[in-house]
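Undergrad: Sequence and predicted structure below; questions after.
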Amino acid sequence: MELVVQPLGRSFAVKAGDNLLEVLQANGVPVSYSCRAGRCGTCRCKLVEGKVLESAGDAKLTNPGGGSHVLACMSVLTESCVVEIPEPDEIVAHPARILKASVVAIEDLTHDIKRLVLKSPKPLSFSAGQYAILQFTPEHIRPYSMAGVADDDTLEFHIRKVPGGRVTGYVFDTLKLGDAVRVSGPMGTAYLRRKHEGPVLCIAGGTGLAPVLSIVRAATALKMTNPIHLYFGVRSSADVYGQAWLDELAQRNPNLHVHVVIATNEPGTRHRVGLVTDAVSADWSDLRDWRAYLCGAPPMVEAATLIAKARGIAMEHIYADAFYASPD
């Protein structure tokens with residue numbers, strides 16, 4: 001059997017039953033990976049031709065059907081196939097780790113958002129925009145995005161209280177300074193593409209600002225010269241947070257342009273009013289050659305994806321890890 005890898009234009013013989021990620025790595029094909037267990041999504045690639053057997057959850061046979069995406073670490077080769085992977089300049093490889101950390105700060109950012117800061121004796125290697133799984137107790141486990149950069153000596157997370165939420169209720173009502181937290185990661189594919197030199201669109205809804213802050217902080221620290229337009233959408237002015245961080249970043253990075261959008265029309269507001277996706281749609285008619293980072297609730301991410309595509313951004317250049325609220 002022959003596996004053809006695109007866009008590198010290479011081909012090599014493999015055996016039925018081989019793991020796709022292991023085949024790519026054995027043949028020197030650059031591919032992102034982290035957990036190797038089907039959880040993080042980092043090794044996601046596009047199946048263009050042929051079939052693979054996906055072993056994540058219930059095993060299923062997947063064929064392209066117009067371009068199916070599969071996780072390389074969970075894909076077993078069953079026949080000749082063509083696989084398209086991200087460009088080599090977008091590859092990241094942060095082996096997943098489990099760290100023991102402790103709470104060094106819990107601060108109120110808004111009426112329902114807290115800033116959680118953790119300290120670990122060992123650093124967590126990650127790319128800006130990725131997330132980790134936080135385990136506060138065996139019964140309180142949830143994913144949250146890092147808001148800082150890998151060079152920081154602490155890990156920063158923004159946590160919104162979900163009504164009836166068991167995990168967020170624990171964080172707000174029980175968690176205290178000095179408590180131990182288990183950190184597993186990194187995970188996620190919406191990380192900063194450092195070699196892209198064109199314009200960047202960042203759309204954040206609510207605590208989706210955390211990974212966007214990580215991306216903008218990293219781009220600023222790296223002295224990237226890309227024009228960056230950051231749209232931050234919330235329900236009301238009471239839900240706006242991080243304004244001082246955004247102002248400070250804009251002072252340090254002349255290429256950063258911040259747009260705060262609130263959904264409710266309040267007397268005397270200094271923010272734009274409406275849906276954040278409508279603001280993007282009104283501001284831009286052509287986004288070809290841009291990259292987009294979308295972070296927030298699934299409906300916002302889905303609407304933003306449609307707008308980005310309609311304005312000319314290719315799907316492979318739209319990076320998103322939607323936030324799913326859960327009472328668990």
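TA: Done, it's in.
Undergrad: List the residues that contact the nearest residue to residue 191 once chain neighbours are set aside.
TA: Leaving aside its chain neighbours, residue 191 sits nearest to residue 127 (3.7 Å; criterion: CB to CB, 6 or more residues apart in numbering). All C-beta atoms are positioned from the backbone trio N, CA, C, and that covers glycine. Shown in contact with residue 127 (CB atoms under 8 Å, 6 or more residues apart in numbering): 92, 94, 150, 186, 191, 192.
Undergrad: just so I have it, where are all the strands in the stretch 1-150 of the chain?
TA: 2-6, 10-13, 44-49, 52-54, 60-62, 68-71, 75-77, 81-84, 97-108, 113-119, 131-137, 140-145 (DSSP state E, counting those that start in this stretch).
Undergrad: residue ranges with poor pLDDT in the chain?
TA: Across the chain, the ranges flagged by pLDDT under 70 are 1-9, 34-35, 39-40, 56-67, 86-90, 322-328.
Undergrad: quick check: domain ranges of it?
TA: 2-90, 97-187, 200-320 (automatic domain parsing).
Undergrad: circling back: how close does the residue nearest to residue 191 sit to residue 190?
TA: 10 Å (CB to CB, to the nearest Å).
Undergrad: Equivalent analysis for residue 231, please.
TA: 15 Å.
Undergrad: likewise residue 25?
TA: Residue 25 is 23 Å from residue 190, by CB to CB.
Undergrad: Those two: who's more crowded?
TA: Taking neighbours as other CB atoms under 10 Å, residue 25 and residue 190 compare with residue 190 leading, 27 against 16.
Undergrad: Give me the spatial nearest neighbour of that one, chain neighbours excluded.
TA: residue 319 (4.0 Å).
Undergrad: Any idea which residue is closest to the centre of the protein?
TA: residue 190 (3.3 Å; CA atoms, centre = their mean).
Undergrad: which SS class is it?
TA: Following DSSP: H, G, I helix; E, B strand; the rest coil, residue 190 is assigned to coil.
Undergrad: so it makes contact with residue 317?
TA: No: the criterion here is CB atoms under 8 Å, and residue 190 misses it with residue 317 at 11.5 Å.
Undergrad: List the contacts of residue 36.
TA: 21, 43, 73, 96.
Undergrad: The second one touches residue 21, doesn't it?
TA: By that I understand residue 43. Yes: using CB under 8 Å, residue 43 makes contact with residue 21 at a distance of 5.5 Å.
Undergrad: Those two: which has the busier surroundings?
TA: residue 43 (26 against 20).
Undergrad: ok, residue 80 - how many residues close by?
TA: Neighbours of residue 80 (other CB under 10 Å): 16.
Undergrad: sorry, that was for residue 11
TA: Per other CB under 10 Å, the neighbour tally for residue 11 reads 14.
Undergrad: got it, and residue 111?
TA: 9.
Undergrad: now it, nearest residue through space, not along the chain?
TA: Nearest one to residue 111, counting by CB to CB, 6+ apart, is residue 238 at 6.2 Å.
Undergrad: pretty sure the one you found belongs to a strand, no?
TA: No: counting by three-state DSSP, residue 238 is not part of a strand but helix.
Undergrad: what about it, distance to residue 103?
TA: Applying CB to CB to residue 238 and residue 103 gives a distance of 26 Å.
Undergrad: neighbour count winner among the two?
TA: Neighbours per residue, other CB under 10 Å: of residue 238 and residue 103, the larger number sits with residue 103, 18 against 13.
Undergrad: List the beta-bridge partners for the more buried one.
TA: residue 118 (DSSP bridges).
Undergrad: Who are the contact partners of it?
TA: 116, 117, 118, 175, 176, 177, 178, 179, 181 are the contacts of residue 103 under CB under 8 Å, 6+ apart.
Undergrad: Next: residue 173.
TA: Residue 173 neighbours (CB under 8 Å, 6+ apart): none.
Undergrad: what about it, distance to residue 136?
TA: Residue 173 is 12 Å from residue 136, by CB to CB.
Undergrad: Could you do residue 167 as well?
TA: 7 Å.
Undergrad: With residue 18 instead?
TA: 39 Å.
Undergrad: Repeat that for residue 192.
TA: Counting by CB to CB, the gap from residue 192 to residue 136 is 28 Å.
Undergrad: Neighbour count: these two, which is higher?
TA: residue 192 (26 against 19).
Undergrad: Now for the more buried one: which residues touch it?
TA: Residues in contact with residue 192, defined by CB under 8 Å, 6+ apart, are 127, 128, 129, 214, 215, 218, 219, 293.
Undergrad: got it, and residue 252?
TA: residue 220.
Undergrad: sorry, back to before: including distance to residue 304, could the contacts of residue 36 go into JSON lines?
TA: As requested, these are exported to JSON lines (distance: CB to CB, whole Å):
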{"residue": "21", "distance to residue 304": "30"}
{"residue": "43", "distance to residue 304": "24"}
{"residue": "73", "distance to residue 304": "28"}
{"residue": "96", "distance to residue 304": "28"}
